[in-house]
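> no sequence for this one, just the structure:
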């Protein structure tokens with residue numbers, strides 16, 4: 001008699017791309033544990049919708065991954081997206097992630113984001129509202145906010161307001177943009 005064993009399927013390899021909900025992801029770190037299989041980055045939209053919600057975790061082939069980054073140019077030139085909300089595991093918004101999103105109006109930056117890379121929101125001319133949910137931001141790249149709406153309001157945590165003003169200073173936004 002053959003002996004049957006219940007072994008989990010092999011974890012997908014680093015670099016594997018897959019859809020989940022209305023977004024597409026790429027595995028950036030893979031481990032053998034099904035409970036916490038590794039990390040993924042958002043690489044784009046599977047379906048172009050007005051609202052993009054980036055979850056804290058996603059599941060693929062019975063493995064759960066933390067969503068830790070929005071990849072370079074993930075939403076570049078997406079004319080449909082108007083609002084973006086980022087999950088709690090997100091740490092990095094990479095270069096040009098939302099570059100030229102013509103209709104992006106508001107962004108809620110997740111509580112664990114530590115870095116916004118250069119040109120992340122460049123040419124998002126309708127972007128009027130950015131809300132930081134967390135206090136962990138450490139770096140903002142050059143021109144990250146270039147050509148956002150001149151009437152934009154950036155809401156930072158009250159306890160880190162001075163630090164966020166310094167981090168966000170001269171990142172391409174017009175002088176009329178308010179950081180409060």
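Sure thing, it's come through. Here the structure is a predicted model, which is why all the values come from computation and not from measurement.

> Need phi/psi at residue 166.
Per-residue torsions, residue 166: phi -70, psi -40 (degrees, to the nearest 10).

> Hmm, I typed the wrong one, I wanted residue 159.
Reported as degrees, to the nearest 10, the phi and psi values for residue 159 are phi -70, psi -10.

> what about the nearest residue to it once chain neighbours are set aside, how many residues close to it?
Spatially, and ignoring its direct neighbours in sequence, residue 159 is nearest to residue 135 (6.5 Å; C-beta to C-beta, 6 or more residues apart in numbering). For the C-beta atoms, the positions are set from N, CA and C on the backbone; glycine is no exception. For residue 135, the neighbour count with other C-beta atoms under 10 Å is 14.

> Quick check: residue 49 touching residue 80?
Yes: in this structure residue 49 lies within contact range of residue 80 using C-beta atoms under 8 Å: 6.3 Å.

> Next, the nearest residue to residue 77 once chain neighbours are set aside: secondary structure please.
Among residues not flanking residue 77 along the chain, residue 100 sits closest, at 5.0 Å (C-beta to C-beta, 6+ apart). At residue 100 the chain is in coil, as set by DSSP: H, G, I helix; E, B strand; the rest coil.

> Surely residue 160 is in a strand?
No: counting by three-state DSSP, residue 160 falls outside a strand, being helix.

> give me every residue that touches the most centrally placed residue in the chain.
Geometric centre of the chain, nearest residue: residue 70, 3.9 Å, by C-alpha atoms, centre = their mean. Residue 70 sits next to 41-42, 54, 86, 90, 92-94, 97-98 when contact means C-beta atoms under 8 Å, 6 or more residues apart in numbering.

> would you turn those residues into JSON lines with pLDDT?
Rendered in JSON lines, the data for the contacts of residue 70 read as follows (pLDDT from 0 to 100):
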{"residue": "41", "pLDDT": "98"}
{"residue": "42", "pLDDT": "98"}
{"residue": "54", "pLDDT": "97"}
{"residue": "86", "pLDDT": "97"}
{"residue": "90", "pLDDT": "98"}
{"residue": "92", "pLDDT": "98"}
{"residue": "93", "pLDDT": "98"}
{"residue": "94", "pLDDT": "98"}
{"residue": "97", "pLDDT": "98"}
{"residue": "98", "pLDDT": "98"}
